[in-house]
Every structure is written in structure tokens, then in C-alpha cells.
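**Student:** Just the structure for this:
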Amino acid sequence: MSYIKPSLMHVIRRSFTIFPILMGIVVLLFDVSVSYSIDAQDVPKESVTDEIIIEQIAPDKRGGKAYKLVYLVKAPIDSYWKFKTDFDNDFLVENKYIQEHKFIKQKGNTVITENKYANNPKVYFRWQTTMLPEAYRLEFDLLNPEQCGHKYHYGHIQLMSVEKGTLVTQVAYFDFLGAALWAIYPWRGGMKYFLSYTAHWEQETMLQLQERYEDKNQK
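**Tutor:** Numbers count the residues shown, from 1 in each chain. Predicted structure coming up:
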């Protein structure tokens, strides 16, 4: 399950009356770089910093947008893996974007959850997450995209153990009305603000809950 995947459709739709002019200005002033996706294993360990890195990457061949988010969590990878795979939890609703979180079912390494988000509170987003524990990898897919106003939304989260803790690389591919605008909008409410907030939130929440998920055998 990705903790970092709410839709901002409600905000975007309400803002279309004032955004056309701003969109033109943004396109002129901001150079949106596009690069191909790399996983956490491609990041040299010695280059890891506390900086949160957000960039657009080559989208799905069907169109839409995509991003790569890289950030450091100061916790051992096994503890952090337990945190990320605790799908039946009560802490996700502490994220200001998440109103409700429900664990639906698990079969083997595949889990179904539902989230209701502050910016689209009328619909539950139903996510399917596949756990690949040997690779410390999670693969997620939105099962009801049309109901949520999306054409599709999927991606993966890759973890890598580094000296300072765990390096997290999240990649997502998505398409919905207004996705291009959301991806380049540089202020509050845009993709960069949203991803930065949720990465910081997860870093802080993991530190608060670390004792719950720490590996007792490593003490």
C-alpha cells in the first residue's frame, strides 16, 4: 500500500476558473524536467542525503503523468518494512489528506485497502498492494479508477538499506482530468507540495512509532 497517493481532483476542478492564466505563466517560468525511472538500487549509497527529491519521469505509454519521489527514513529497513506493511493500522488518518482508512482483506502477499481522502471525500479509493519481501518492494494499483475520476493509477515503492537508515523510492503513473496542471503547479496544492508534505509526515510518524516496529532480535 502506498501511503502517498491521494487524488486532488476536487481542488483542481474548483480551480479551473482561475488556473488557465496561471498555467501559461507556469509553463513559461518553470522548466519541467523529464527523466526515465530509476529504482533505489541505482542511487549510490554515498550520495544519500536528507533531501526529499521529486521529479517528473516518462509517463505511461497511454499518457498522463508520472513522478519519482526519493527520501530517507532514519530507521532500519526491517523496522520500516514492518511499518509500511502494517495495513490494518490506526495512524494513517493522522495524515491531513486521509479521512478514512480501511483494511479489507489479505490473500497471501496481496492486500486490499480502502482510503477516503480529504480532497475527494465522496468516494473510497480501493488499492491493491502486492508485497515482495525478499526485494523490499511494494507494488500498488488503484482497482476502481473510473469511480475515483482516474483513467489509471499504479506504481511501486522500493526500499534500500543505507548507512543513515532506509532510502525510499516511490514511482507512480496516473492520469485524471487536470493531472498535467497538478504536476507542474509549484505552490500549495500542487504535486510537489503534496509529496513533500507526505514524505515529511511519514519520516516523522516512523520515528514516533519506531519502537512498535523495531526488530527485537537486533537488540
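
**Student:** which stretches of the chain form strands?
**Tutor:** Defined through DSSP state E, the strands belonging to the chain, from first to last, are 34-35, 53-57, 65-73, 98-107, 110-117, 120-132, 137-142, 150-162, 165-176.

**Student:** looking at the ones you listed, which one has the lowest mean pLDDT?
**Tutor:** Of all the strands of the chain, the segment with the smallest mean pLDDT is strand 34-35, scoring a mean of 32.

**Student:** circling back to that earlier point, of all the strands of the chain, which lies closest to Gln203?
**Tutor:** Go through the strands of the chain one by one with C-beta to C-beta and the one that ends up closest to Gln203 is strand 65-73, at 5.5 Å. The way it works is simple: take the backbone N, C-alpha and C, and place the C-beta from them, glycine included.

**Student:** Mind giving me the packing neighbours of the closest one?
**Tutor:** Under the contact criterion of 3 or more C-beta pairs under 8 Å, 6 or more residues apart in numbering; DSSP states H and E, the helices and strands touching strand 65-73 comprise strand 53-57, strand 165-176, helix 179-184, helix 191-213.

**Student:** In TSV, list the strands of the chain along with distance to Gln208 and mean neighbour count.
**Tutor:** Listed next are these as TSV, based on distance: least, C-beta to C-beta, whole Å; neighbours: other C-beta atoms under 10 Å:
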stretch	distance to Gln208	mean neighbour count
strand 34-35	34	10
strand 53-57	24	16
strand 65-73	12	22
strand 98-107	16	14
strand 110-117	20	19
strand 120-132	23	17
strand 137-142	21	20
strand 150-162	19	20
strand 165-176	15	22
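
**Student:** Just put these in CSV and tack on distance to Arg188.
**Tutor:** Shown next, in CSV, are these (distance: least, C-beta to C-beta, whole Å):
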stretch, distance to Arg188
strand 34-35, 24
strand 53-57, 15
strand 65-73, 17
strand 98-107, 18
strand 110-117, 16
strand 120-132, 17
strand 137-142, 25
strand 150-162, 22
strand 165-176, 19
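
**Student:** What residues does Thr130 make contact with?
**Tutor:** Neighbouring residues of Thr130 by C-beta atoms under 8 Å, 6 or more residues apart in numbering: 109-111, 138-140.

**Student:** An error on my part: the question was meant for Asp90.
**Tutor:** When contacts are taken as C-beta under 8 Å, 6+ apart, Asp90 is in contact with no other residue.

**Student:** Pro121 contacts Tyr97, doesn't it?
**Tutor:** No: at 10.7 Å, Pro121 and Tyr97 do not qualify as touching, with contact defined as C-beta atoms under 8 Å.

**Student:** closest to His156 out of the helices and strands packed on strand 65-73?
**Tutor:** So among the helices and strands packed on strand 65-73, strand 165-176 is nearest, using C-beta to C-beta, at 5.7 Å.

**Student:** List the strands paired with that closest one, with their directions.
**Tutor:** strand 65-73 (antiparallel), strand 150-162 (antiparallel) (DSSP bridges).

**Student:** what's the burial count for Arg188?
**Tutor:** The number of residues packed around Arg188, counting by other C-beta atoms under 10 Å, is 10.
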